[in-house]
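A.B. asks: Could you look at this predicted model? Sequence included:
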Amino acid sequence: MNTPTPRLRISGLTVAFGGLTALDDVSFDVARGETFALIGPNGAGKTTVFNAVCGLVRRASGSIDIDGRPAPATPMALVGRGVSRTLQGLGLFDSMTVLENVLVPLGLGTAGGRSLGETDAILAATDQLAALGLAADAARPVASLPYPERKRVALARALVTQPQLLLLDEPAGGLGSDDITDLAAIVRGIAAAGCSVLVVEHHMDFVMSLADRIVVLDFGRVIASGTPAEVQADPRVEEAYLGVEPAA
Amino acid sequence: MDRLLFLLATGIARGAIFALFALALVLIWRAARIVNFSQGAMAVVATYVAFAVTAFTGSYWAGLASALVAGAVLGYVVDRGVMRFAPHDSPLAGVIIAIGVVMVLQSALGIAFGQQYRPMAAPFDQSPILIGGVPVFSPYDVFVLVVAVVVMAALALLFTRTSLGLQLRASAFAPEVSRLLGVRVSRMLTIGWMLAAAVGALAALLLVPTELGLSPHSADMLFVYAFTVAVVGGLDSPVGALVGGLIVGVAISLVTGYLGATVAPIAVLVLLVAVLLVRPGGIFSAREARVA
C-alpha cells in the first residue's frame, strides 16, 4: 500500500545566522488533516521553522516539500500553493477595517485555487468573518476590537484563502481560558475539514488537548517527538523546560 | 476687502497645485519611506514632454496626457533603475540618491533644451472673473481646482474602494506582513512610484503656465513649498497634503499680496518651523506607525 504524500515534509533542515545554528538537522512530516505542534523553550527555533517554510530565512541545508513538491522560494508563491500563516504578533493593519484586513490576501485573486473577482472576494471575506463570529464587526476599525477578537481576525485572514496548510504562531498567546477553549474548537474544525495545521505554542494544555503529534525543539534540535502522551512522558522534555537532569 | 477675496481665491488655486505635488511626496513616503527630492526634476522632465507634444500636435490635452504617461514611466525607471538599489538600512541613502537624480535630470534638460524659460500656454484664460465687481478665480484657476478635486477623489476611491488600493495601503504600512499574505509588495511599490510621479507631473504642468515659463528649474520652488505642505500636513497623511496645500497656498498669496513676493519664502519657513516646534509629525500625522 502506498503511503500518502505528507502535506509538509521537512528533512534535515539546518538554518544558521552567522555563527549561531538556529536549526540543526530538523526533520518531521505533517500529514493531511493533521494537527501538529512544535513546542520548546524560548529561542528553541520554532518560529525559525515557520520562517524557513515561508522562505524568509535561507536554509544552510535540508529540504522542505509541500504536497511532494519543493516549497516555493517566495511567500507569495507559497500562498498560491495553499499555505497560510498567522504571526506571533497580530500583524493586523490597524488603519483598516476588519473586512479590509481579511480582504488583503484575496488581492492575489484566488481562494482554494479558484480565481476570484472583487465581488467574490468580498463575499468570501464576509463568509469567513461570519464563520468566526465576526460578521457584525466587519465595518469596524480593527484597532477598536478587543484583543481576543483581533486574534480571530488574524485567523480569519489566514483562512480566507482556504489554505491546505495553516501555520499558527502562538495562536493562544494573550487569550483567556474561555477564548482558548473556543480557539481549540475552531482549530479542530479546520483540521477536520482536511487542512493540515502546524502550530507553535507555549500554552501546554492547549497543545496537549489539540495536537495529534508533537515535535519538541531545544537549541534548534529535535529532542523528542510523538503523541502528546509520549512527549509528556519523555524526560528530555522536562529537562529542556525545567533544566532538570533526567534520572539515570 | 476685494483685495483680500482676490488673494484668498488665488491662494486656494495655487494651494491646490501645492496639495497635488505634496500628495505625490506623501505617496512615495508612505510606500518607500523616502522623501523624494527628485520629484520636482522628474515632474519638469514630464512637463518638457508635454511641451514638445503640445508643440507637435497643437493640442494642450495631448500634452497633458503625455505628461501623465511620461511621469508614470519616469516613476517606474527611477524606482526600478535607481531607488531599488538604495540600501534599506540607511534612511539617508534614498535622499542622497534622489539628489543625484535631480542633478542628472536637470543637467540633461539643460544640455537638451538650454536654461532659458519657455512660455507655456494655458488651456483657459488666466484673467480673473469679476463676481459682483470683485475679481476672484480665473477660468484657469477653476480648471486647476477641478483637476485637483478630480485627482484627489480618484485617488481616494482607488485607495479605499479597490483591491489594488487595499494592497497599496497594506504594502505601505507593513511590507513584510503583506508579503507573507501574498501581496506583490515590490510591484505595489513600483505602482506607488508611478502614481506619485504622474501626480507630480500633473502638478508641475498646472503650475508652469502661471509662472515665468518652463526651464529645468521650474519646479524647484514648487518642491520647496510642497515639501513644506507635506511636513505641515504630515508626511503620512493625504488629507494633510490637501489641507496643508490650501494653508500654504493661501499664506503665500496673502503674504505676497500684502508684504511682497520676496517675503513669501520667509513666511513659508516660519510656518514650517512653527509646525515643527508645536507638532513635529505634522498637523494630520497618522497615529499608527508603519510596521516592518
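C.D. replies: Ah, there it is. Residues are numbered from 1 along each chain as shown, chains lettered A, B, ... in the order given.
A.B. asks: Make sure residue B:62 is indeed in a helix.
C.D. replies: Yes - assessed with DSSP: H, G, I helix; E, B strand; the rest coil, residue B:62 lies in a helix.
A.B. asks: okay but it is in contact with residue B:51, surely?
C.D. replies: No - between residue B:62 and residue B:51 there is no contact, the gap being 11.5 Å when judged by C-beta atoms under 8 Å. C-beta here means a position set from N, CA and C on the backbone, and glycine is covered the same way.
A.B. asks: Among the two, which residue is more densely surrounded?
C.D. replies: residue B:51 (23 against 14; other C-beta atoms under 10 Å in any protein chain shown).
A.B. asks: phi, psi of that one?
C.D. replies: phi -60, psi -50 (degrees, to the nearest 10).
A.B. asks: Check whether it really touches residue B:120, as I assumed.
C.D. replies: Yes - if you go by C-beta under 8 Å, residue B:51 and residue B:120 touch, sitting 6.1 Å apart.
A.B. asks: Spit out the residues that contact those two alike.
C.D. replies: Here residue B:51 and residue B:120 have residue B:214 as joint contacts, going by C-beta atoms under 8 Å, 6 or more residues apart in numbering or on different chains.
A.B. asks: Close to chain B: what parts of chain A are there?
C.D. replies: Residues of chain A lying close to chain B by C-beta under 8 Å from any C-beta of the partner chain are A:54, A:56, A:74-76, A:78-80, A:85, A:87, A:91, A:93-96, A:100, A:103-108, A:118, A:121, A:143, A:157, A:161.
A.B. asks: So which residues of chain B form strands?
C.D. replies: B:130-131, B:134-135 (DSSP state E).
A.B. asks: Relative to chain A, which of these is closest?
C.D. replies: With C-beta to the nearest C-beta as the measure, strand B:130-131 is the member of those nearest chain A (41.1 Å).
A.B. asks: so what does the closest one touch, helix or strand wise?
C.D. replies: Contact partners of strand B:130-131 among helices and strands, from 3 or more C-beta pairs under 8 Å, 6 or more residues apart in numbering or on different chains; DSSP states H and E: none.
A.B. asks: Which strands border it, and is each parallel or antiparallel?
C.D. replies: Take DSSP bridges as the rule and strand B:130-131 pairs in its sheet with strand B:134-135 (antiparallel).
A.B. asks: Now residue A:71. Nearest residue, chain neighbours left out?
C.D. replies: Distances taken as C-beta to C-beta, 6 or more residues apart in numbering or on different chains place residue A:64 nearest to residue A:71, at 4.2 Å, with adjacent residues excluded.
A.B. asks: Angles on the backbone of that neighbour, please.
C.D. replies: According to degrees, to the nearest 10, residue A:64 has phi -130, psi 120.
A.B. asks: For the residue in chain A that chain B sits nearest to, the count of nearby residues, please.
C.D. replies: Closest to chain B within chain A is residue A:79: 3.3 Å, counting by C-beta to the nearest C-beta. By the criterion of other C-beta under 10 Å, residue A:79 has 24 neighbours.
A.B. asks: got it, and residue B:1?
C.D. replies: 6.
A.B. asks: got the contact list for it?
C.D. replies: Contacts of residue B:1 (C-beta under 8 Å, 6+ apart): none.
A.B. asks: On the pLDDT front, check it for me.
C.D. replies: Turning to residue B:1, the model gives it a pLDDT of 71.
A.B. asks: And for residue B:6?
C.D. replies: 86.
A.B. asks: quick one: contacts for it?
C.D. replies: B:128, B:134-136, B:257.
A.B. asks: Format those residues as a markdown table; extra columns: pLDDT, distance to residue A:187 and neighbour count.
C.D. replies: Shown next, in a markdown table, are those (pLDDT from 0 to 100; distance: C-beta to C-beta, whole Å; neighbours: other C-beta atoms under 10 Å in any protein chain shown):
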| residue | pLDDT | distance to residue A:187 | neighbour count |
| --- | --- | --- | --- |
| B:128 | 84 | 69 | 17 |
| B:134 | 79 | 70 | 15 |
| B:135 | 79 | 71 | 16 |
| B:136 | 80 | 65 | 19 |
| B:257 | 89 | 68 | 17 |
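A.B. asks: rewinding a little: show me the residues of chain A next to chain B that map onto helices.
C.D. replies: Counting by DSSP state H, the part of the residues of chain A next to chain B found in helices is A:75-76, A:78-80, A:100, A:103, A:118, A:121, A:157.
A.B. asks: Where does confidence bottom out across those residues?
C.D. replies: residue A:118 (75).
A.B. asks: Just give the nearest non-adjacent residue to the residue of chain B found nearest chain A, would you?
C.D. replies: At 3.3 Å from chain A, residue B:182 is the closest residue in chain B, using C-beta to the nearest C-beta. The shortest distance from residue B:182 to any non-neighbouring residue, by C-beta to C-beta, 6+ apart, is to residue A:79 (3.3 Å).
A.B. asks: Could you break chain A into its assigned domains?
C.D. replies: What automatic domain parsing lists as the domains of chain A is A:1-82+A:166-248, A:89-162.
A.B. asks: Now do the shortest one: distance from first to last residue.
C.D. replies: Taking C-alpha to C-alpha, to the nearest Å, the span from the opening residue of domain A:89-162 to its closing residue is 22 Å.
A.B. asks: pLDDT weak spots in chain A?
C.D. replies: For chain A, the stretches flagged by pLDDT under 70 are A:1-2, A:108-116, A:242-248.
A.B. asks: If we ignore the residues flanking it in sequence, what's nearest residue B:167?
C.D. replies: With C-beta to C-beta, 6+ apart as the criterion, residue B:167 has its nearest non-adjacent residue at 4.3 Å, and that residue is residue A:107.
A.B. asks: Can you classify the residue nearest to the spatial centre of chain A by secondary structure?
C.D. replies: Closest to where the C-alpha atoms of chain A average out (C-alpha atoms, centre = their mean) is residue A:167, at 1.7 Å. Secondary structure state of residue A:167, per three-state DSSP, is strand.
A.B. asks: mind listing what it touches?
C.D. replies: A:50, A:53-54, A:83-86, A:198-200.
A.B. asks: Buried ones in the strand or helix carrying residue A:183, by neighbour count?
C.D. replies: Per DSSP states H and E, residue A:183 falls inside helix A:177-192. For helix A:177-192, a neighbour-count test (16 or more other C-beta atoms under 10 Å in any protein chain shown) marks A:179-180, A:182-184, A:186-187, A:190-191 as buried.
A.B. asks: swap in stretch B:41-59?
C.D. replies: Buried residues in stretch B:41-59, defined by neighbour count with 16+ other C-beta under 10 Å: B:41-51, B:53-54.
A.B. asks: Distance of the residue of chain A closest to chain B relative to residue A:106?
C.D. replies: Per C-beta to C-beta, to the nearest Å, residue A:79 is found 10 Å from residue A:106.
A.B. asks: Please apply the same query to residue B:243.
C.D. replies: As defined by C-beta to C-beta, residue B:243 lies at a distance of 33 Å from residue A:106.
A.B. asks: go on, residue A:169?
C.D. replies: Residue A:169 is 21 Å from residue A:106, by C-beta to C-beta.
A.B. asks: returning to what we had before: between the ones in helices among the residues of chain A next to chain B, which has the most around it?
C.D. replies: Within those, most neighbours by other C-beta under 10 Å means residue A:157, with 29 neighbours.
A.B. asks: List the residues that contact that one.
C.D. replies: Listed by C-beta under 8 Å, 6+ apart, the contact set of residue A:157 reads A:86, A:92, A:101-102, A:104-105, B:181.
A.B. asks: okay, the residues you listed in TSV with neighbour count and distance to residue B:237 next?
C.D. replies: Shown next, in TSV, are those (neighbours: other C-beta atoms under 10 Å in any protein chain shown; distance: C-beta to C-beta, whole Å):
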residue	neighbour count	distance to residue B:237
A:86	24	30
A:92	23	20
A:101	29	21
A:102	31	25
A:104	26	21
A:105	26	26
B:181	30	25
